[in-house]
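S.K.: With the input below, show me the fold.
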Amino acid sequence: MKKTMKRTMKRTLLLALALSGLTAPSSGLIREYHHVQLRKSWSDAQSYCREAFTDLAAVEDQSDSDRLLSVLRGPGAQAWIGLHDNKTGWRWALGEEDFLDDYTNWSPGQPNHKNYNQSCLTMTSSGQWLDRECRITLPAICYYDKGPAQFILVEAQMTWHEARAYCRSRYTDLASVRSRSENTRISSLVTVYTWVGLHRTTWAYWSDRTPNTFSNWNQGQPNIRGTAVDSCAAVGTGTGLWWDVDCRAENTFVCQKVYSRQRQTFRLRLRSKADLKDPAVQQQILDQLHQKLEQHGLDDFKLRWMRTLHREQEEEEEGTVCFYRGGHLLWVGSFNRTFEALVGHLGE
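M.R.: Next comes the predicted model:
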């Protein structure tokens, strides 16, 4: 009789867990925003946030933007967030290598960032370098590394990005200039302003080095121009829209506390006449939960069974499964004879 009951219990549990659903994990960091009511420059605010929290606030999507707005106080003001325009972050198109200043030939006063998006390099017939808006159309110098390396003048008028695509499709890439001799060779081909491969991405990274793929600029922003001003982003406390502001200005600021975790939700339904006080039943449930969690990409965790009682219905006994990972209790799920438990898992 006992063996029959265990076989029935096993079939019942297997059926119930086979029908249970597991949602796909949502990726990304959990950001907790804090509006600090102190007035500091952007760099001082960054230092404060890194000491007291994690960093200045980063905003990766509209959900982050909405939550950021919800913590802002004092309508009509501005508060620093973690975005700034790194005007030294130049890179060569070929290999996307960082520009290390080993060799430069900037014209006096260059780069001058005359317009906030002057972020692509041109060369003159004298070999001098100037930054220009990437959207204007100019000839280009391509580089070809097959056989004897050579530079090729392309006289067709193209934007910088069109020129890069053209050079990559027909040669190797837009030309890099890493020595005086290369600069002389290229300038000998040039008669008017001509594209070469140096460029930078404006407003590319947040303070915590998260790539910037989302924007919420106010109309006409960003608009700071010129080398005298270092540009940082501030959020309007009443609107949540971003403004391009001199980094030396003093504003309140938003810090973030970041939890490097993934959120995952499990919905489990079990109907069984099995006795949940029976250790064999409890182990059967734990074994099958363990298998299900592993099938959905979780590892390095432990499941533990605890027994509890409903306060309102003390005659109905309930089981509780505790989920441990890395020594930390992450979620608790409740089980009674007929149950539906929704539990949240915060993974490391």
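S.K.: residue contacts, residue 39?
M.R.: 250-252 (Cβ atoms under 8 Å, 6 or more residues apart in numbering). Backbone N, C-alpha and C define where each C-beta goes, glycine included.
S.K.: Low-confidence bits of the stretch 201-348 of the chain, can you list those?
M.R.: 224-229, 260-273, 276, 293-348 (pLDDT under 70).
S.K.: mind putting the contacts of residue 39 in CSV, distance to residue 207 included?
M.R.: Converted to CSV, the contacts of residue 39 look like this (distance: Cβ to Cβ, whole Å):
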residue, distance to residue 207
250, 17
251, 15
252, 16
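S.K.: Please tell me which one of these counts the most neighbours.
M.R.: Highest neighbour count within those: residue 251, with 22 neighbours (other Cβ atoms under 10 Å).
S.K.: Show me the strands in the stretch 151-300 of the chain, by range?
M.R.: 173-174, 194-199, 231-236, 242-246, 251-259, 262-271 (DSSP state E, counting those that start in this stretch).
S.K.: beta partners of the residue lying closest to residue 58 once chain neighbours are set aside?
M.R.: Using Cβ to Cβ, 6 or more residues apart in numbering and skipping residues adjacent in sequence, the residue nearest residue 58 is residue 206, 3.8 Å away. Residue 206 has these beta-bridge partners by DSSP bridges: residue 83.
S.K.: separation between residue 206 and residue 55?
M.R.: 8 Å (Cβ to Cβ, to the nearest Å).
S.K.: Overlap in contacts, those two.
M.R.: If you check residue 206 and residue 55 against Cβ under 8 Å, 6+ apart, the residues they both contact are residue 82.
S.K.: Have a look at the two and say which one is more surrounded.
M.R.: Comparing residue 206 with residue 55 by neighbour count (other Cβ under 10 Å), the higher total belongs to residue 206, at 22 against 19.
S.K.: close enough to count as contact, that one and residue 83?
M.R.: Yes - contact criterion Cβ atoms under 8 Å: residue 206 and residue 83 qualify, at 5.7 Å.
S.K.: quick one: common contacting residues for the two?
M.R.: With Cβ under 8 Å, 6+ apart as the test, residue 206 and residue 83 both reach 58-59, 212.
S.K.: Quick one: those residues as JSON lines, columns for distance to residue 121 and neighbour count too.
M.R.: As requested, these are exported to JSON lines (distance: Cβ to Cβ, whole Å; neighbours: other Cβ atoms under 10 Å):
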{"residue": "58", "distance to residue 121": "29", "neighbour count": "26"}
{"residue": "59", "distance to residue 121": "30", "neighbour count": "29"}
{"residue": "212", "distance to residue 121": "22", "neighbour count": "17"}
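S.K.: and which of the residues you listed is nearest to residue 238?
M.R.: Of all those, residue 59 has the smallest distance to residue 238: 16.5 Å, by Cβ to Cβ.
S.K.: and the closest one, what are its phi and psi?
M.R.: Note on residue 59: backbone dihedrals following degrees, to the nearest 10 are phi -130, psi 110.
S.K.: go on, the one 3 residues further on?
M.R.: Comment: the main-chain dihedrals of residue 62 come out as phi -70, psi -30, following degrees, to the nearest 10.
S.K.: tell me the contacts of the closest residue to it other than its chain neighbours?
M.R.: Leaving aside its chain neighbours, residue 62 sits nearest to residue 214 (7.5 Å; criterion: Cβ to Cβ, 6+ apart). Taking Cβ under 8 Å, 6+ apart, we find residue 214 in contact with 59-62, 64-65.
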